[in-house]
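Enquirer: turn this into a model:
(chains A and B)
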There are 2 protein chains.
Amino acid sequence: MKLKNAALCAMAAVGLSFSAQAQNTDSLMLRKIFDETLVNGQCYENLRYLCKKIGSRLSGSAGAAKSVEWSKKLMESYGFDKIYLQEVMVPHWVRGEKEQGIIVSGTTRTPVALAALGMSVGTPKAGITAEVIELQSLKELETLGEAKIKGKIIFFNRPFDNRFIETGGAYGTAGDQRNAGPGMAAKYGAVAVIVRSLTAALDNYPHTGGTNYGTNPQIPAAAISTIAANKLSAMLKQKSAAPIKFFLKTSCQMLPDVLSYNVVGEIKGSENNNKYITVGGHLDSWDLAEGAHDDGTGVMQSVEVLRVFKALGYKPKNNIRAVFFMNEENGHKGGIKYAEQAKADKEEHIAAIETDEGGFTPRGFSFERATPVFLKGINQEWKKLFEPYEADRLVAGGGGTDIGPLRETHPNIKLIGFRPDSQRYFDIHHTPNDVFENVNKRELELGAASIASLIYLIDQHGLNF
Amino acid sequence: MKLKNAALCAMAAVGLSFSAQAQNTDSLMLRKIFDETLVNGQCYENLRYLCKKIGSRLSGSAGAAKSVEWSKKLMESYGFDKIYLQEVMVPHWVRGEKEQGIIVSGTTRTPVALAALGMSVGTPKAGITAEVIELQSLKELETLGEAKIKGKIIFFNRPFDNRFIETGGAYGTAGDQRNAGPGMAAKYGAVAVIVRSLTAALDNYPHTGGTNYGTNPQIPAAAISTIAANKLSAMLKQKSAAPIKFFLKTSCQMLPDVLSYNVVGEIKGSENNNKYITVGGHLDSWDLAEGAHDDGTGVMQSVEVLRVFKALGYKPKNNIRAVFFMNEENGHKGGIKYAEQAKADKEEHIAAIETDEGGFTPRGFSFERATPVFLKGINQEWKKLFEPYEADRLVAGGGGTDIGPLRETHPNIKLIGFRPDSQRYFDIHHTPNDVFENVNKRELELGAASIASLIYLIDQHGLNF
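Expert: Sure thing, here's the model as predicted:
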């Protein structure tokens, strides 16, 4: 071996040994985090309480108020350094009586599973009956035009595209039907909108979720189950003497805004007084179930991160904050307030991690505004640390709705989304099936430990890849 | 740039382009396999039939016979090139009447959830009542010795070690209590054995499963639920006037061996007449439920692989065989027979892939006798092909029970285990909860597509890394 090569090798060896030492300290800490969470984890029992003793907690509801109060007490029981409520005005939408949906074919009336979309207006007391037009996309509204749409009920029926491997892709591409569909159809004179539930599952649950009329007229809008959607579509395809009509009756309405709160807990940083790493999920949930995976799991994982650090005696360099955001589902006022306050208080934010994709087996994390250099660096340095826990997919992608407003207020922040396995999420998302029983204890804990691990690494080394 | 470097770069570019082309053909084919499975997949509906119309199918049972007949017809309906039954004699153990288990503390009798272990002998008709000794390991039998054990009921209560990330590790290390525990305890004069159910879940289901007395005396043996185990353990720790006793009554027994079958379907190879790639799971299942994840999902994925190849018009070079093995649960006679027949017929076997860890989201594959060179090679060449499907963990590890006997008969074969996410498997494993409703359609299909993809790659390129 030539001298130059030998020198290079020696230098490489020094580099390797230094890096290996850091890796070793880190990998030992990750093992401790996982052991603590898997052996002494409390997020599962906390989630049980939230789901079973409090239940649904849509913004403005009694459940939401109760959940705020309990969450603060929970954080206090852990003795974090600072615990407080952050005031935020939130919209107050109420579903009212159980909705009715009926396919009307001549004298045959077929009731179907239906749920009003969040933020939608109710029907007149007698309900609405009108002829149905099935569409697959919003573009078809334009093609048909006002002449054909006026006075009709528009039925958006484009199913999930099952070719997406992560189900969020299918949700994202089908979602315009629920989000913008009602407002757009109203613009063309439709009297109501029914939407195929946003799920790949074929079942009888209507999946609620928010709609946004924007500046368009407001007409009643509801989701029907995928089984109901298939039935209605089949009936529309049959030739029948009379056109197929649909009857829906909803009594939902908007009430005045209500004072509510983000719940915040902190462990103080030992080195950097004014630097923050945030982990959070949202405390509010739709009214049809217990908000278990959406997003009870996320808030309980967030507080578990702080609990684990305390249990291990870990003293972070930076302030670590768990935030239970209010109002993600229908307004994300909590996320907006958090960012505004952080800016007003001149806080420096290193990173924010959102967990709002369910409490399933962790697969990794997605990083917003991730350059190829960043992705290469973080994968080179940290991927192997997560490999033993099978949570090592470090990819480009979104952070989340609640932390999103920090993008504007804190341009240097790194926004990160926790990415659990996505296959089951939209089976239960926004349905009566989003209950505690559908959460697996170990999956939930593995997620909490993965998030704690990432926060530990960011706290120790920063994110300058 | 110097000439030499330029030449090297040009060579590298040629290599890259050749390799990229192969990668591109392969990645396009994998995309087709996943699309076909996710859009037109039939494994979920086939599984529904197996679970709901046939149900449990323990070796020797009427359900097993019915499942063999239906499986053959299913393969025939797909028009594979060759479909046949492979005769195999199997043990015939029957559970008999519903078992009874009661904790007896003075005059207080507390019934608990209990299920006899497979292959265990029944109690006398009046049942057995005896004092209970709780142990955490088989080693403690030796420490206590015959004097203290004789006439007692041994209660093995070592829980799952939750620090294992993959739950198979916890199952493996706790499993000796169920497998060897009863026989070992009998050697020291115990009159019966009860075992804490092999699961991390805290619930009221007893988990059955086979025990193996070996050459030891045969005494009644049963599993109790984890809730029951915790209760019994707590009562044993309390000081009470009279010692805690346990009553169990089981009426299980061994009947004479029965003729049964492996069910085999083949697509003929276009190039290699006598070379085989096998994919299989086991058709038999425990008697307490529907054998959904264990292993209805495995057999239905196996036949789906062949269906997908046919649907895509893929003509494999080698013979591709789907095998529904009989008797994995209590004897693995089907696996032994398959290997013996393959040897007798002088078949050349390239690889066998077993899917018997549940129909959960695929994570990757484990390879037996995988050298570091092999692992490096396969990860370098194929990992990136599986990355878009998040099934890219290609690791060293076991193949499976059914394909295991091929290790001896075909020393050049590569034995491969399909590795789905492991978190939920032991919650339902061998319990009344192993039903169709606990299988997710997309998770099942993603697994089938992953396996088909690996078989395609092996068929095209072999496994010479």
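Enquirer: could you use CA atoms for every contact and neighbour count after this?
Expert: Noted.
Enquirer: can you list the low-confidence ranges for the stretch 1-150 of chain A?
Expert: Applying pLDDT under 70 to the stretch 1-150 of chain A picks out residues A:1-20.
Enquirer: cutoff 80 now
Expert: Applying pLDDT under 80 to the stretch 1-150 of chain A picks out residues A:1-23.
Enquirer: residues from it in reach of chain B?
Expert: Applying Cα under 8 Å from any Cα of the partner chain, one finds that the stretch 1-150 of chain A approaches chain B through A:34, A:35, A:38, A:39.
Enquirer: quick check: phi and psi on the residue of the stretch 201-350 of chain A found nearest chain B?
Expert: Residue of the stretch 201-350 of chain A nearest chain B, by Cα to the nearest Cα: residue A:201 (8.1 Å). Here the main-chain torsion angles of residue A:201 (degrees, to the nearest 10) amount to phi -70, psi 140.
Enquirer: quickly list the domain ranges of chain A.
Expert: Taking automatic domain parsing as the reference, chain A has its domains at A:32-93+A:255-461, A:97-251.
Enquirer: endpoint to endpoint, the shortest one covers what distance?
Expert: The first and final residues of domain A:97-251 sit 6 Å from each other (Cα to Cα, to the nearest Å).
Enquirer: one more: the longest one?
Expert: With Cα to Cα as the measure, domain A:32-93+A:255-461 spans 18 Å from end to end.
Enquirer: now it, how far from the centre of its chain.
Expert: 10 Å (Cα atoms, centre = their mean, to the nearest Å).
Enquirer: using TSV, lay out the residues of the stretch 1-150 of chain A next to chain B together with secondary structure.
Expert: Output for those, formatted as TSV (DSSP: H, G, I helix; E, B strand; the rest coil):
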residue	secondary structure
A:34	helix
A:35	helix
A:38	helix
A:39	helix
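Enquirer: list buried residues within those.
Expert: Buried by 16 or more other Cα atoms under 10 Å in any protein chain shown: A:34, A:35, A:38, out of the residues of the stretch 1-150 of chain A next to chain B.
Enquirer: any buried residues in the helix or strand where residue A:302 lies, and which?
Expert: Applying DSSP states H and E as the criterion places residue A:302 in helix A:297-311. Across helix A:297-311, burial judged by 16+ other Cα under 10 Å covers A:297-310.
Enquirer: with just CA atoms, put that helix into PDB.
Expert: The C-alpha atoms that make up helix A:297-311 are tabulated as PDB, following Å, rounded to 0.1, in the frame of the first residue of the first chain:
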ATOM      1  CA  THR A 297     -53.300   8.000  19.200                       C
ATOM      2  CA  GLY A 298     -51.400  11.100  18.000                       C
ATOM      3  CA  VAL A 299     -51.900  13.200  21.200                       C
ATOM      4  CA  MET A 300     -51.200  10.200  23.500                       C
ATOM      5  CA  GLN A 301     -48.000   9.400  21.600                       C
ATOM      6  CA  SER A 302     -47.000  13.100  21.900                       C
ATOM      7  CA  VAL A 303     -47.300  13.100  25.700                       C
ATOM      8  CA  GLU A 304     -45.700   9.700  25.900                       C
ATOM      9  CA  VAL A 305     -42.600  11.100  24.200                       C
ATOM     10  CA  LEU A 306     -42.200  13.600  27.200                       C
ATOM     11  CA  ARG A 307     -43.000  10.900  29.700                       C
ATOM     12  CA  VAL A 308     -40.300   8.600  28.300                       C
ATOM     13  CA  PHE A 309     -37.700  11.300  28.400                       C
ATOM     14  CA  LYS A 310     -38.500  12.000  32.000                       C
ATOM     15  CA  ALA A 311     -38.600   8.300  32.900                       C
END
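Enquirer: what's the following helix or strand after it?
Expert: From helix A:297-311, the next helix or strand downstream (DSSP H and E) is strand A:318-325.
Enquirer: let me know the pLDDT of the closest residue to residue A:223 other than its chain neighbours.
Expert: Counting by Cα to Cα, 6 or more residues apart in numbering or on different chains, residue A:195 is the residue found nearest to residue A:223 once chain neighbours are left out, at 4.6 Å. Here, the pLDDT recorded for residue A:195 equals 98.
Enquirer: isn't residue A:195 up against residue A:156?
Expert: Yes: taking contacts as Cα atoms under 8 Å, residue A:195 lies within contact range of residue A:156: 4.8 Å.
Enquirer: which neighbours do the two share?
Expert: residue A:177 (Cα atoms under 8 Å, 6 or more residues apart in numbering or on different chains).
Enquirer: more crowded one of those two?
Expert: Shown here are residue A:195 and residue A:156; by other Cα atoms under 10 Å in any protein chain shown, residue A:195 has more neighbours (31 against 26).
Enquirer: pretty sure the more buried one sits in a strand.
Expert: Yes: the assignment for residue A:195 by three-state DSSP puts it in a strand.
Enquirer: per-residue pLDDT, the residue in the stretch 251-400 of chain A positioned nearest to chain B?
Expert: Of all residues in the stretch 251-400 of chain A, the one sitting closest to chain B is residue A:389 (6.2 Å; Cα to the nearest Cα). Confidence at residue A:389, expressed as pLDDT, is 98.
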